[in-house]
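Chemist: Kindly generate the corresponding structure for this input.
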Amino acid sequence: MQKNLLLVFGAFLCLAITSCSKTDIAPVDSPTENLPAISAQSLNSVQPNNIVILGGSTAWGQGASSVEHTWVYKLRAKLKSVDKRDTIINLAFPGYTTYHVRASEGAKVAKRPDADTLRNITVALRKHPKLIIVSLPSNDINNGYNDQEILDNYKNLVNTFVKENIPYILTSNQPRNFSYDQRLRLRNFTNLLAKAFPGHVIDYLDQLGDSQWSYKLIYNCGDGVHPNDKGHDLIYNAFINYAPFKAALGIK
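Modeler: Below is the predicted model:
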């Protein structure tokens, strides 16, 4: 009986280690670690060297084998090497869309998620950021939202950034295990985004994906949705080699 229990436990442990679709690593900023930091006191503190990330599961850390291999962690380390005062505040969370990160005071939209008042643009602005990164690679399309409503949500965000004179960077879509028509939308919407906000969109979709925008095997964590360690590294390098990003943060 004891031997059988040991065999079952061993099989469960192997499954937990090898599955990337249910990441067992702590994210760059895990929910339990991040939520206490978003207190009334911290929201009102002035830290002009904050870089704030709004995003979904990839920015949260999904797909990487450990925290140290996530693109946000690597970016944080790079920025610290340039200016020790720089701090990345990661508000990303799995499943989030352009609706989740909208302003708290925005009107509710029927059959669409409400803004998350702990992880949205309103919170980001209270952090007094010197740069905001928005990384929402595919959840809007996965949820069936049309291109115009997604673009309108981005425009609302960007209008606020411009009004507040805050530099911003948007990321492209990423490959996903969609139907071909949906994968084509990934490419077409990234093009729309780059056209609407020239000089503000980092586009690495074609680097992560094949000719039909499914993940290249070398970058797929195995679930067809998230990048593995090499994919996270590719995203990190896309940031540090992106001229507007380097200019905003003084990276040579």
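Chemist: distance of the closest residue to Gly250 other than its chain neighbours from Phe239?
Modeler: With CB to CB, 6 or more residues apart in numbering as the criterion, Gly250 has its nearest non-adjacent residue at 6.6 Å, and that residue is Val82. Any C-beta I mention is one placed from the backbone N, CA and C, and that applies to glycine too. Separation of Val82 from Phe239 (CB to CB, to the nearest Å): 13 Å.
Chemist: Looking only at neighbour counts, state which of the two leads.
Modeler: Using other CB atoms under 10 Å as the criterion, Val82 and Phe239 rank with Phe239 on top: 23 against 14.
Chemist: What residues does the more buried one make contact with?
Modeler: The contact partners of Phe239, taken as CB atoms under 8 Å, 6 or more residues apart in numbering, are 71, 75, 169, 202, 245.
Chemist: backbone phi and psi for the last one, please?
Modeler: Reported as degrees, to the nearest 10, the phi and psi values for Phe245 are phi -70, psi -50.
Chemist: Can you list the residue ranges for helices in the chain?
Modeler: Assigned by DSSP state H, the helices in the chain fall at 2-18, 31-34, 40-43, 57-60, 71-82, 121-126, 139-142, 147-163, 180-196, 205-208, 229-240, 243-249.
Chemist: Just the CA coordinates for the last one, please, in PDB.
Modeler: In other words, helix 243-249. These are the backbone C-alpha positions of helix 243-249, laid out as PDB (Å, rounded to 0.1, in the frame of the first residue of the first chain):
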ATOM      1  CA  ALA A 243      14.600  52.700 -29.900                       C
ATOM      2  CA  PRO A 244      11.600  54.600 -28.300                       C
ATOM      3  CA  PHE A 245      11.800  52.400 -25.200                       C
ATOM      4  CA  LYS A 246      15.500  53.000 -24.900                       C
ATOM      5  CA  ALA A 247      15.000  56.800 -25.400                       C
ATOM      6  CA  ALA A 248      12.300  56.900 -22.700                       C
ATOM      7  CA  LEU A 249      14.500  55.300 -20.100                       C
END
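Chemist: The helices of the chain: lowest mean pLDDT?
Modeler: Sorting the helices of the chain by mean pLDDT places helix 31-34 lowest, at a mean of 33.
Chemist: any idea which of the helices of the chain is most buried?
Modeler: Mean neighbour count (mean count of other CB atoms under 10 Å) peaks for helix 57-60 among the helices of the chain, with a mean of 26.
Chemist: one step back: out of the helices of the chain, which gets nearest to Leu217?
Modeler: Nearest of these to Leu217, taken as CB to CB: helix 229-240 at 10.3 Å.
Chemist: now that closest one and helix 71-82, what's the angle there?
Modeler: 40 degrees (axes from the mean of the first three to the mean of the last three CA atoms, to 10 degrees).
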